[in-house]
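>>> structure for this input, please:
(chains A, B, C, D, E and F)
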Number of protein chains: 6
Amino acid sequence: MSKAPSTSARDVVRKVAPKLIDMTEKVVYGDVWERPGLSKRDRSLITVATLLALGREKQLDGHLARALQNGVTKDEIGEVITHLAFYAGWPAAMTAGRIARRVFEGSTP
Amino acid sequence: MSKAPSTSARDVVRKVAPKLIDMTEKVVYGDVWERPGLSKRDRSLITVATLLALGREKQLDGHLARALQNGVTKDEIGEVITHLAFYAGWPAAMTAGRIARRVFEGSTP
Amino acid sequence: MSKAPSTSARDVVRKVAPKLIDMTEKVVYGDVWERPGLSKRDRSLITVATLLALGREKQLDGHLARALQNGVTKDEIGEVITHLAFYAGWPAAMTAGRIARRVFEGSTP
Amino acid sequence: MSKAPSTSARDVVRKVAPKLIDMTEKVVYGDVWERPGLSKRDRSLITVATLLALGREKQLDGHLARALQNGVTKDEIGEVITHLAFYAGWPAAMTAGRIARRVFEGSTP
Amino acid sequence: MSKAPSTSARDVVRKVAPKLIDMTEKVVYGDVWERPGLSKRDRSLITVATLLALGREKQLDGHLARALQNGVTKDEIGEVITHLAFYAGWPAAMTAGRIARRVFEGSTP
Amino acid sequence: MSKAPSTSARDVVRKVAPKLIDMTEKVVYGDVWERPGLSKRDRSLITVATLLALGREKQLDGHLARALQNGVTKDEIGEVITHLAFYAGWPAAMTAGRIARRVFEGSTP
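Model (predicted):
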């Protein structure tokens, strides 16, 4: 993920908030995700947990796919969702489970 | 609702997080909802309130239908939504109102 | 609760936002809580659920005390907290449990 | 916006929760938004910020359109979204950016 | 506020997360708050709205003080709190009102 | 952590909601945390992320201490906080940083 390729979500937002996308690419992906203090697998775990907890559904698709690329297995994602049902509540976990199913099966919404 | 029939949402998530669905059926519906300390009508009221407040829209459909089955009337649901506009904010209430309208009219999204 | 006596929290906020307190007294307590479409016990149940779910700890004290006045028993409040652990997450429930213990024992923070 | 015309969202909810819509028109738009203590532009800024932060996506469309009417420019909305990425998190800002793009281009979902 | 003086909160966190504080000073205050696309008064309004909505109480003190420095009057802050009671809910507004009272009277918690 | 010793928080809540504490010990710590599908270090990472994101401050102390026991280093916790500033917002990260500082220095609130 070190190249932080432009994604369609970023392209949509770039016209509205170009500075935000500039920082997404230079600060979030270009700097923070590349820092050696935490592995990319760890960063994916905590990012997915945060998106699940806050119900940020639109970003969960992309970050679940990224988690798979960063070495989190599908079974581990299922376990993350199960574990977090207790901390973020069942509804947040059920919604994440539905999104994960869609990502795992390679379909787009 | 004491039999906790498998629903389509559970079927979707089961493949991703089977333990979560196992606990949904054995712990959440098999144990907690069946406890005598609070009526099913009361449990529906507080579940709907929580889903409305947290904006868990995907679960609100099913729990509004369940609330009707558990004896909460349509007028009472409207009153719950009106009351909670002050505690969870107008936007949460308006979204719940739109979902309730859909559930009351028996249409599925 | 129909008289909506001025509380210390309202007195603190009145100087900063007098219109807010005016509406608290005339609209929230003077109108909404008095509407016949839902019993005061039901209104207390959904208000407590919302405050627990949103983590609005500073208001939970007062509304737990109000719930007791409106006929929700201490055991029922314990059951509400247990039930909502699954919908709002364990941490929200544990925090509510600590506040309820304090309210039940009549101590103020 | 001083006439608070009935919108389709209100019409949908009115049947479920008529008192809520009555208060939307008389209290929220008829009273609060008309108070002289804060300009309509300022009210739009803080309303958009709140909807973005809480992820109330269904209301953000309408309030972004209202913000434009109240004198907030498209560039300023982009700047609001960029600024709030740091306070409400990147995912909330990205979702708002997508909704803003849609509103700016005049398409409806 | 253009000098972004180190505050005690930053000093506490610096030892735990030095990169976070570095970015607070260089990116958040050194870059974003200084951008010309939105006045500092506008930035204070939307920051206060976001903190109120998300219940980030520990940061509200400092940003209310900053809002006063950036030209938002005490009466306007009261009006912001009143307005947002409808969008973020009464409990969030009441808590913000208590914090504002403390800030206005110059006392520290 | 496999023995799930009774903690003071649980003891406080046990009297109010005994079933909740029973499930905390048998289901959350006795079953879920012990499942082999995810390491305890991974579970601590996602639990801390969720508590930070949701602002569940009262539980963050204990779970930061548990994270240290489960092999997350202090530097890694600092990195988690820095990373999540972008996903949960700066205020959530700053509050977590203050709590982490207190936990690292062994003081109790």
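
>>> only C-alpha atoms from now on, for both contacts and neighbour counts.
Noted.

>>> so the most centrally placed residue in chain A is in which element?
For chain A, A:His63 is the residue whose C-alpha lies nearest the centre (CA atoms, centre = their mean; 2.0 Å). Element membership for A:His63 (DSSP states H and E) is helix A:57-69.

>>> before we move on, back to that, contacting residues for the nearest residue to the residue nearest to the centre of chain A once chain neighbours are set aside?
Leaving aside its sequence neighbours, A:His63 sits nearest to A:Val48 (CA to CA, 6 or more residues apart in numbering or on different chains; 6.4 Å). By CA atoms under 8 Å, 6 or more residues apart in numbering or on different chains, the contact set of A:Val48 is A:60, A:63-64, A:67.

>>> quick one: which of the residues you listed is the most crowded by neighbours?
Counting neighbours by other CA atoms under 10 Å in any protein chain shown, the top entry in those is A:Leu64, with 24 neighbours.

>>> ok, it touching A:Arg102?
No. A:Leu64 is beyond contact range of A:Arg102, at 10.2 Å (criterion: CA atoms under 8 Å).

>>> got the contact list for the residue lying closest to A:Val12 once chain neighbours are set aside?
Setting aside the residues directly before and after it, A:Val12 is nearest to D:Arg98 in space (CA to CA, 6+ apart), at 6.2 Å. By CA under 8 Å, 6+ apart, the contact list for D:Arg98 reads A:9, A:12-13.

>>> so the strand or helix carrying A:Arg102 versus helix B:57-69, what angle?
Using DSSP H and E, A:Arg102 sits in helix A:90-104. Angle, helix A:90-104 to helix B:57-69, by axes from the mean of the first three to the mean of the last three CA atoms, to 10 degrees: 130 degrees.

>>> the nearest residue to A:Val32 once chain neighbours are set aside: which element?
Using CA to CA, 6+ apart and skipping residues adjacent in sequence, the residue nearest A:Val32 is F:His83, 6.5 Å away. F:His83 is part of helix F:74-88 when elements are defined by DSSP H and E.

>>> buried ones in that helix?
By neighbour count with 16 or more other CA atoms under 10 Å in any protein chain shown, helix F:74-88 contains the buried residues F:74, F:76-88.

>>> then stretch A:25-42?
For stretch A:25-42, the neighbour count (16+ other CA under 10 Å) marks A:25, A:27-30, A:32-34, A:37-38, A:40-42 as buried.

>>> and which of those is nearest D:Leu52?
Proximity of the buried residues of stretch A:25-42 to D:Leu52, judged by CA to CA, is greatest for A:Val28, which lies at 19.9 Å.

>>> which residue packs closest to the closest one, ignoring adjacent ones?
In space, A:Val28 comes closest to F:Phe86 once its chain neighbours are excluded; the distance is 7.4 Å by CA to CA, 6+ apart.

>>> I'd like to know how far that neighbour sits from D:Ala93.
As judged by CA to CA, to the nearest Å, F:Phe86 and D:Ala93 stand 10 Å apart.

>>> so what sits against both of these two?
Shared contacts of F:Phe86 and D:Ala93, counting by CA under 8 Å, 6+ apart, come down to D:Ala85.

>>> quick one, what contacts A:Leu54?
F:53-54, F:88.

>>> how does it look with 7 Å?
The contact partners of A:Leu54, by CA atoms under 7 Å, 6 or more residues apart in numbering or on different chains, come to F:53-54.

>>> show me which residues of chain A sit near chain C.
Within chain A, the residues that sit near chain C (CA under 7 Å from any CA of the partner chain) are A:85-91.

>>> from B:Trp33, how far out is the closest residue to chain C within chain A?
Nearest residue of chain A to chain C (CA to the nearest CA) works out as A:Gly89 at 3.8 Å. For A:Gly89, the distance to B:Trp33 (CA to CA) stands at 15 Å.

>>> got it, and A:Ala9?
Distance from A:Ala9 to B:Trp33, by CA to CA: 41 Å.

>>> can you get me a residue count around the residue nearest to A:Lys40 when sequence neighbours are not counted?
The shortest distance from A:Lys40 to any residue other than its chain neighbours is 6.0 Å, reached at A:Asn70 (CA to CA, 6+ apart). The burial count assigned to A:Asn70 is 18, neighbours taken as other CA under 10 Å.

>>> go ahead and confirm A:Asn70 touches A:Arg41.
Yes. In this structure A:Asn70 lies within contact range of A:Arg41 using CA atoms under 7 Å: 5.1 Å.

>>> what ranges in chain A fall below the confidence cut-off?
Scanning chain A for pLDDT under 70 picks out A:1-7, A:107-109.

>>> how many neighbours does the residue in chain A that chain D sits nearest to have?
Closest residue of chain A to chain D, CA to the nearest CA: A:Ala17 (4.5 Å). A:Ala17: 27 surrounding residues under other CA under 10 Å.

>>> one more: A:Thr73?
Other residues close to A:Thr73 by other CA under 10 Å number 12.

>>> contacting residues for it?
By CA under 7 Å, 6+ apart, no residues touch A:Thr73.

>>> next one: A:Gly71
Per CA under 7 Å, 6+ apart, neighbours of A:Gly71: A:Arg41.

>>> return the residues in contact with whatever residue of chain A ends up closest to chain B.
Using CA to the nearest CA, the closest approach of chain A to chain B is made by A:Gly78 at 4.5 Å. For A:Gly78, the contact set (CA under 7 Å, 6+ apart) comprises B:16-17.

>>> rerun that using 8 Å as the cut-off
Residues near A:Gly78 by CA under 8 Å, 6+ apart: A:97, B:16-18.

>>> repeat that for A:Val80.
Applying CA under 8 Å, 6+ apart, we find A:Val80 in contact with A:49, F:38, F:43, F:46.

>>> assign the second one to helix, strand or coil.
The reference is to F:Leu38. Here F:Leu38 takes the coil state, with states given by DSSP: H, G, I helix; E, B strand; the rest coil.

>>> what distance do you get for it to A:His83?
Distance, F:Leu38 to A:His83, by CA to CA: 9 Å.

>>> no further queries at this time; thank you.
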